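In: quick one, structure for this:
(chains A, B and C)
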Amino acid sequence: MIREFEEKFGSTLEKKVIAKNKVLYTLMVRREDFPDIINYILSRPNTRLFTMVGMDERNTEESFSVTYWFLDWKDQEVIGVRLYVPEDEPYFPSVGAFHKGAIWFEREVQDLLGLRAEGLPDPRRLILPDDWPEGVYPLREDFQYCHSPAGTRSYPYKEPPGDSTVHPMGPYHVALDEPAHFRLFVRGEEIVDVDYRGFYSHRGIEKLARGRLNYNQIVFIAERICGICGFAHSVAYAQAIEEAAGIEVPDRARYIRTILLEIERLHSHLLWLGVAAHLTGFDTAFMRSWEIREQVMELAERLTGNRKTYGLVLVGGVRRDLLDYRKSLILETLKNLRREFDELVDMLVSTKSFVKRCEGVGVLSKEKAREWDTAGPLARASGIDYDTRTGLPYAAYDELSFDVPVYKEGDVLARALVRIDEVRESISLLEQAVDAIPGGPVMAEFNEVPSWREGISAVEAPRGENTHYVMTGEVNRIYRWRVKAPTYNNLQAVPDMLRGYTIADAPLIVASIDPCYSCTERVQVVDVESGKTKVISLGGGIGTCP
Amino acid sequence: MELIGAIIAPFLPPLLDGIARKVRAMIQNRVGPSIFQTWYDIITLLSMESILPTASLAFRLAPYVALASAICMALMLPYGSDAIINFGGDLIAFIYVFTLFSAALVFGALSVDNSYSHAGANRELTLSLVFKPLFAITIGIFALKTGSLSITEIARSISPSLSIIGAYLLLLYVTYVESGFIPYDIAEAETEILEGPLTEYSGRLLGLFKWALQIKRFAMIWLFASFVALPVAEGAIAFVLQLLVFLLTYLLMVTYESLNARYRLDQATRQGMKGIVIGVVLMIIAWLGW
Amino acid sequence: MPVTKYYPFEPEQAPPEYRGIPEIDPRLCVGCGACVNACPPDALIKIDDYENGMRKIVLDIGRCIRCARCEEVCPTGAIKLTQDFEAASDDRAAHVEVVELRLAKCRGCGKYTDYTERQLQKVLSLIPPGIVEFDRVREKLPLCRECKRLLTVVNATKFEEEMRE
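Out: Have a look, this model is predicted:
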């Protein structure tokens, strides 16, 4: 992809090579070429919008910058296209106008940096709470982390169409693990349209990392972005820094990271199976699934010291080695797991009432899935053959062999089957990795992380691709850290999946993308005292009005 | 003898619910709550104040109406050979009170301005429109064959025949559905519509509603047990047999419930419609004499 | 065999690898502050009182994320993570552990230096005794920064004069 792109556009762009298959192009002169360039990249068959980063570079380049990163997962290449946006004219042409997957990225950049995308179809606020004042942009360099401005405003929800009523699912709902507001417009039991308002768990992680933390301290914050896939985040971050600094991670460390990434995938998918069963009322499967999962949690505890926050990654390698007795623990757990998991799947698949609830429900077509740049099991259940482990290999995946399950139907049952197959693949991957793990050190020797370097890396978390972009700064600190979680893209596709189905299906459909709101909403700060009470009173009012 | 009913009907159901929870826990390999837990829950709820989201009288009266109808249903059933409320035609009254229960649930739900309650009311109405007629048809077959409209009379005079056997099976199905076991607890689904009609209730009113639901479940299964026990025994023996059949049926139903997911409304109503067709066919067979 | 248990009426034991609540052994701590530097959430902080010559290392297990970086970087093995995980208490002060150490007093000017007496002893115990004698290390300790710089200048001047003679 890079070569063809270079032939077509290379002459008008400034080129910077990040790594051997990742190149950044900056548009210095002809800004009107921008939509053509993006269109060209997206029109190729196997590309997706990887992530989009807005940066405040007024200290070094005297303007803001907006960078769109694209991934071609068959060629395994990453291209970035950067546009500089001056402060006095903070506008840039919108990609969301023709590619839906970019809409949230542009809304976020508008909220946090004040850069407006011209032609953006949905210009409402995405991240900032309703009462945040206008004109105050948290991610700009001149905004202090602890600053909490006051203000009042209310959020403009979409109007319900015609004869439908509003059925608010959220912000608090039994079926949701975290607050999220799906405003369902219903006619009887049928859902006609949906409006989504999220970012209630926004915590200001990117701004926090900008301040006073050094590289190794940020790894621990990265781990706590998510309560289920945290390890994937910390590995993605470490990989981004290692790429920026040119650090080569030793083989043994790569294998250990792979082993733990797969263990995380196991526990996440088992959790999801239980939750899906619970939402349809099938509590016995829920309890059984989590009982099986308990073995994985205990295994993780013996290997790393904690059931979920493994704390194993540092920039340059891992902290703990995989001692021999731990290897045999893994193999024993896997043997039991395989057997019990097969029994559980038999039980689920043979319970007709459960299968009937999942079949044909919440269908997402392949075109729509591509439009929204969905990732993970959601995309693979709709026929898109993309997995970051094969699309942009990292850790030890290019040395291990595994299949990527892809289904065509795009309904909840297909997503469940994708995850079930992935559990079996993970078990096989773990056995291979434990068998093939090489000797050697577990931490790379390196002197320093140089300043002003960029790195971009992705990891296949249980829900899809986690993309981390990093620009290193001075004195061992970060200048810009951009986290994109898979649920960021997947949530945008939910309204399309809900239309035409009933209220009874809504929780199951939302749960079938395996939403991780904490991953999605990581960025800026809200004053806990006043902000919280204001949001609750607004949310409470909306919840009790039909 | 039948006065035992006045004690069992209100006070046994919560204990049965506790046993059901323990059985479910054992199936799922857990320790589970104690069998008196439902009792503790109801007592706690009854001692708390209810927050009223609306000034409507229907909201406040609905739980009492539901409780009264459920107890009335239970008292119309035989304990031993007799029932406390027993008069010719009490079958019609039973169906009436049974429907009044669902009506109370629906009125309580519709009196609040909450789309979850309305969704729950909608579901309860739809299910009632399908399953109450099915129940009436099923009981009607028994009435037709025994020539009486009094429950106790019918129960005592059942004799086996083709249509009666079919009616028993249909009665088992309707009892299961109307008892609100998963896959049919659609109206009060917690994970989907936040408990539907019961969403806005709290404290004492909620406690009364939950108690009423449990008594109704008891009455349904006791009716089935009576139809099995009374044709073959009398007096105190009949009562003991009723109790045994009841417990066996209850435990089997609880076990079946643990192994199933909940149906969607349209799936349940479609099944119910098929049941009505079968019921009508059986009724024709009964009328023809078999 | 049920898989649930009557915790907390039945005790629960974490496996030996578990990263639990950290604990400082005051006999081993030298107050170097390596843990303070490494701690991501600032659960460990260092408070120096130069008037009274005391250093406090304050550990707040409410802020601690149990990452064990402090255990990794501690030179004496004073701070270790136990297998305890029950941190609930109705008194917030129960989460705070303080280790107080004396700062070394400069033999030149009498002000307090920015290192502790124990740090001094630890360093002296690490340097081979021959070097301690050869470099006349004990004469230079403890000194504050200004006095150390002054001593360097004085020694350098003396050395230059000796060379000239």
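
In: what's the single longest strand in chain C?
Out: Secondary structure of chain C per DSSP state E: the longest strand is strand C:96-105.

In: strands paired with that strand, and their directions?
Out: strand C:54-60 (antiparallel), strand C:112-116 (antiparallel) (DSSP bridges).

In: deepest-packed of the ones you listed, please.
Out: Mean neighbour counts were taken over the strands paired with strand C:96-105 using mean count of other C-beta atoms under 10 Å in any protein chain shown, and the top value, a mean of 21, falls to strand C:112-116. C-beta: built from backbone N, CA, C; applies to glycine.

In: so for that one, mean pLDDT?
Out: Mean per-residue pLDDT for strand C:112-116: 89.

In: after that strand, next one along is what?
Out: helix C:117-126 (DSSP states H and E).

In: that following helix: what's the following helix or strand?
Out: helix C:129-134.

In: same question for the following helix or strand past that next one, mean pLDDT?
Out: With elements assigned by DSSP H and E, the helix or strand that comes after helix C:129-134 is helix C:137-140. Helix C:137-140 carries an average pLDDT of 74.

In: for the single nearest residue of the stretch 251-400 of chain A relative to chain B, which non-adjacent residue is spatially closest?
Out: Nearest to chain B, among the residues of the stretch 251-400 of chain A, is A:G281, at 3.1 Å (C-beta to the nearest C-beta). Leaving aside its chain neighbours, A:G281 sits nearest to B:R262 (3.1 Å; criterion: C-beta to C-beta, 6 or more residues apart in numbering or on different chains).

In: quick check, that neighbour in contact with B:I186.
Out: Yes - counting by C-beta atoms under 8 Å, B:R262 does reach B:I186; the two are 6.5 Å apart.

In: okay, and the common contacts of those two?
Out: Common contact partners of B:R262 and B:I186 (C-beta atoms under 8 Å, 6 or more residues apart in numbering or on different chains): none.

In: so what's the residue count around A:D163?
Out: A total of 9 residues lie near A:D163 under the criterion other C-beta atoms under 10 Å in any protein chain shown.

In: and the one 3 residues further on, by the same measure?
Out: The local packing of A:V166 (other C-beta under 10 Å) involves 17 other residues.

In: if you count neighbours, what's buried in stretch B:241-255?
Out: Residues B:241-243, B:245-246, B:249-250, B:253-254 are the ones in stretch B:241-255 that count as buried (16 or more other C-beta atoms under 10 Å in any protein chain shown).

In: got TSV for the residues you listed, with pLDDT, secondary structure and distance to chain A too?
Out: Converted to TSV, those look like this (pLDDT from 0 to 100; DSSP: H, G, I helix; E, B strand; the rest coil; distance: C-beta to the nearest C-beta, whole Å):
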residue	pLDDT	secondary structure	distance to chain A
B:L241	90	helix	31
B:Q242	89	helix	30
B:L243	91	helix	28
B:V245	92	helix	26
B:F246	93	helix	24
B:T249	93	helix	20
B:Y250	93	helix	18
B:M253	92	helix	15
B:V254	92	helix	12
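
In: where do the strands of the stretch 51-200 of chain B begin and end?
Out: With DSSP state E, counting those that start in this stretch, the ranges of strands along the stretch 51-200 of chain B come out as B:78-79, B:82-83.
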